[in-house]
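Chemist: Pasting a predicted model and its sequence here:
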Amino acid sequence: MPGFRIGLDLVSVEAVAAAIATHGDRYLRRTYTEEELRDCAGEPERLAARFAAKEAAMKALDRGDEPLPWTSIAVHRDAGGRPTLQLSGAAAELAARRGLANFELSLTHDGGYSAAVVLASSA
């Protein structure tokens with residue numbers, strides 16, 4: 001396993017808004033943590049960025065066919081407002097098996113799309 005891995009994902013804000021309109025609370029509770037839902041206040045653009053972060057993290061973790069609950073990967077904000085990635089449960093266990101202990105996250109949104117880059121590195 002290399003000393004670092006990168007994951008990148010791009011998500012249509014319209015697709016997230018459609019998922020919310022179609023599946024409502026079921027989609028939101030299955031995909032996002034309570035803190036993420038509070039932080040985003042229902043804004044599809046911000047939720048799309050968090051979805052992109054979850055997908056980018058799964059790519060950086062090289063999960064293959066291993067199932068990971070969406071809520072085992074969460075975006076939080078540090079005291080300065082910078083987005084950070086927190087893993088729990090199955091995602092944290094996979095990261096430990098892969099020897100990945102540090103995660104950096106960058107989020108952006110523009111023109112109807114949200115994107116995320118995750119850099120995962122060994123301890």
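Modeler: Received, thanks.
Chemist: Please count neighbours and contacts with C-alpha atoms only from this point.
Modeler: OK.
Chemist: what's the spacing between the residue most central in space within the chain and G42?
Modeler: Note on the chain: the residue nearest the mean C-alpha position is K54, at 2.2 Å, using Cα atoms, centre = their mean. Taking Cα to Cα, to the nearest Å as the criterion, K54 is separated from G42 by 17 Å.
Chemist: just D65 next, same as before
Modeler: Following Cα to Cα, the distance that separates D65 from G42 is 30 Å.
Chemist: Looking at the two, which one has more neighbours?
Modeler: In this view D65 and G42 are compared by other Cα atoms under 10 Å, and G42 has more residues nearby, 14 against 6.
Chemist: how would you label that one: helix, strand or coil?
Modeler: coil (DSSP: H, G, I helix; E, B strand; the rest coil).
Chemist: What pLDDT is listed against it?
Modeler: Reported pLDDT at G42 in the predicted model: 92.
Chemist: G3 too?
Modeler: We have a pLDDT of 83 for G3.
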